[in-house]
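1. here is my input; please provide its structure:
(2 chains)
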Amino acid sequence: MAKGFLERLKDEEILFHYAPLHSLLADWGKDLESNLSDWIVKNPDKYQDALVQSYKAGCTLGCTQTQAASPWRAATFGMRDRIHEFNYRSAKLAREVTPPDHYVLAMVSTTNPDFLEPLGNMTYREVYDGYKEQISALLEGGIDLFMIGGNHLDEALVAIQVARDLCSLPIISQNIFYTTKKGFRTMMGADPVAASSKLEDAGVDVIGGSCGLMSKAGDGSDYYRAATALVTEMRKGCSKPLVIQPNAGLAQLIDEKTVYPATPEQMAEEVENWVCAGARLVGGCCGTNLNHYQAITQKIGGRKASQVISDTRPRS
Amino acid sequence: MELLKAIAENVRNGNAGKVTELVKKALDEKIHWSVVLEKGLSAGMEVVGHLFKDEEIFLPEVLMAAKAMDAGQKVLEPLMLGAGGGRKLGTVVLGTVKGDMHNLGKNLVNIMLRGAGFEVVDLGVDVASDIFVERAISEKAQVVGMSALLTTTMPHMRTVIEGLHKAGLKDRVKTIVGGACVTQQFADKIGADAYADNAGGAVTRIKELLGLK
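-> Below is the predicted model of the structure:
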């Protein structure tokens, strides 16, 4: 099944990834503060239902939402001894509801709160062993491919190495980029060209960017147009299929309610430009809900990437 | 003085080994530790704060500079302790509010404040509102700094401010808030004395609050 994923991308198919299951779960009663993995094992039905809803909305990939299930994040919540449970259960629950031609995507995030040496105090060995513990449990639960990424490329590279050492499943890896006066940069200062190039060298199959793109000003459309610019930059650094998952703008607290500025219509308006710039796997991050997905899957309308490109850019 | 300039430069470049060596050398040359601290280590961190704020450098450079500053302070520590803790600009009680586990922004503010010469009492993450108040009192703090990343935890900032006011500390303890989703508008609404959108800016705002230049 996993092999099929890369073949489909090669065949110019556009696939959809629903990353922010946590945004949906928040709408369904999951508070933002508690550990997501702990919540998932306590509410398996809601978690599975959210995955099913995301598949119904047109998503090809279902995410395990195990970003808070690394040894480091779990330890922050006093749950260091539950790594196997968190990862195994999330993967297994996802497997149970994932239809044929859809894929269980294992989410592996960067360490937090400490960093890999020399910036932080963790040795390569510690980080390697921590990821090994998490990834082994995910594999045991039954996954099809990896999504490895976050704020720190060097740590992602360790997790990529672990995944490569343990299995031959495809790896998607993406960085979180922010808008700075120097252009897009990761929190660690890497630019999209260099970051993408490093990931290609590490043997990653699909390369991309997510979340971030933060700016306190701006209309929802600005975030999605920035995503097009980011894909264009990443294309300069590697030749792999690209993935893009911008957030729905920066969250605002209005009348005690969390509001994200970017709308499904604004996302649908821009999604073809992402494909034209090189994206083959598209989706959204924080604040993106299922309406956004319905809007973009309808817009793409089952067309292949080459078709979208010829439809969008009239031949000159 | 060349030596102090070299210390500042090596803090800026995150060279902990060199900073340790130069600070020892400065003390050997009978330069007072407080001068080494202010014109060497703090001067270096101040440059780092400005460069970070201006997006000329990013997190790795800040973390490495902080390590270099800490290495230098370690050499000065015995002398500072002997002098009753050194010449501090003031005490800031700092933490991420209740329910929020995010520490990165708060840690950066800690680094920048220590670099600028403040005493920082870091309460960590998920700090209950009454703990902020209790510690502000017990540490005789001039400032309470609060961080939150989540929109759902931001309202706890208001609880802390109200707690400080109830404790009769409205004039004695200043408050400053920050975090990705926090805005000046929100800060005004909850009655915070100041808001900053980055760690370098937090130092500037706090200095303004305390009437320091």
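2. could you tell me how many residues sit around the closest residue to chain A within chain B?
-> Relative to chain A, the nearest point of chain B is residue B:58 (3.0 Å; C-beta to the nearest C-beta). Heads up, the C-betas are built off the backbone N, CA and C, glycines and all. Residue B:58 is flanked by 19 other residues according to other C-beta atoms under 10 Å in any protein chain shown.
3. tell me which element the closest residue to it other than its chain neighbours falls in.
-> Nearest residue to residue B:58, sequence neighbours excluded (C-beta to C-beta, 6 or more residues apart in numbering or on different chains): residue A:189, at 3.0 Å. For residue A:189, there is no helix or strand it lies in under DSSP states H and E.
4. for residue A:189, what are its contacts?
-> By C-beta atoms under 8 Å, 6 or more residues apart in numbering or on different chains, the residues touching residue A:189 are B:57, B:58, B:59, B:60, B:61.
5. phi, psi for it please.
-> Backbone dihedrals for residue A:189, given as degrees, to the nearest 10, come out at phi 90, psi 0.
6. and it, how close does it get to residue A:153?
-> Counting by C-beta to C-beta, to the nearest Å, the separation of residue A:189 from residue A:153 is 10 Å.
7. same question for residue B:177.
-> 31 Å.
8. who's more crowded, those two?
-> Remark: of residue B:177 and residue A:153, residue B:177 carries more neighbours, 27 against 22, as counted by other C-beta under 10 Å.
9. dump the C-alpha coordinates for stretch A:187-198 into CSV.
-> Taking C-alpha atoms only, stretch A:187-198 is exported to CSV below (Å, rounded to 0.1, in the frame of the first residue of the first chain):
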residue,chain,number,x,y,z
MET,A,187,13.1,29.0,13.6
MET,A,188,16.7,28.0,13.3
GLY,A,189,17.3,30.3,10.4
ALA,A,190,17.4,27.8,7.5
ASP,A,191,16.0,29.1,4.2
PRO,A,192,13.7,26.9,2.0
VAL,A,193,16.3,26.2,-0.7
ALA,A,194,19.0,25.0,1.8
ALA,A,195,16.5,23.1,3.9
SER,A,196,14.9,21.3,1.0
SER,A,197,18.2,20.4,-0.5
LYS,A,198,19.4,18.9,2.8
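10. so how far is it off the chain centroid?
-> Its chain's C-alpha centre and that of stretch A:187-198 lie 17 Å apart, by C-alpha atoms, centre = their mean, to the nearest Å.
11. ranges for the strands of chain A?
-> A:15-18, A:61-63, A:103-109, A:145-150, A:171-176, A:178-180, A:183-185, A:206-211, A:242-246, A:252-254, A:257-259, A:279-284 (DSSP state E).
12. among the ones you listed, which comes closest to residue B:172?
-> strand A:252-254 (28.5 Å; C-beta to C-beta).
13. which parts of that closest one are buried?
-> In terms of neighbour count (16 or more other C-beta atoms under 10 Å in any protein chain shown), strand A:252-254 has its buried residues at A:252, A:253.
14. got a list of contacts for that strand?
-> Residues from elsewhere that reach strand A:252-254 (C-beta under 8 Å, 6+ apart): A:258, A:259, A:260, A:261, B:151, B:154, B:155, B:181, B:183, B:186.
15. touching, the second one and residue A:251? I think so.
-> Yes - Residue A:259 is within contact range of residue A:251, at 7.1 Å (criterion: C-beta atoms under 8 Å).
16. what about those two, which has more around it?
-> When neighbours are counted by other C-beta under 10 Å, residue A:259 and residue A:251 differ, and residue A:251 comes out ahead with 22 against 13.
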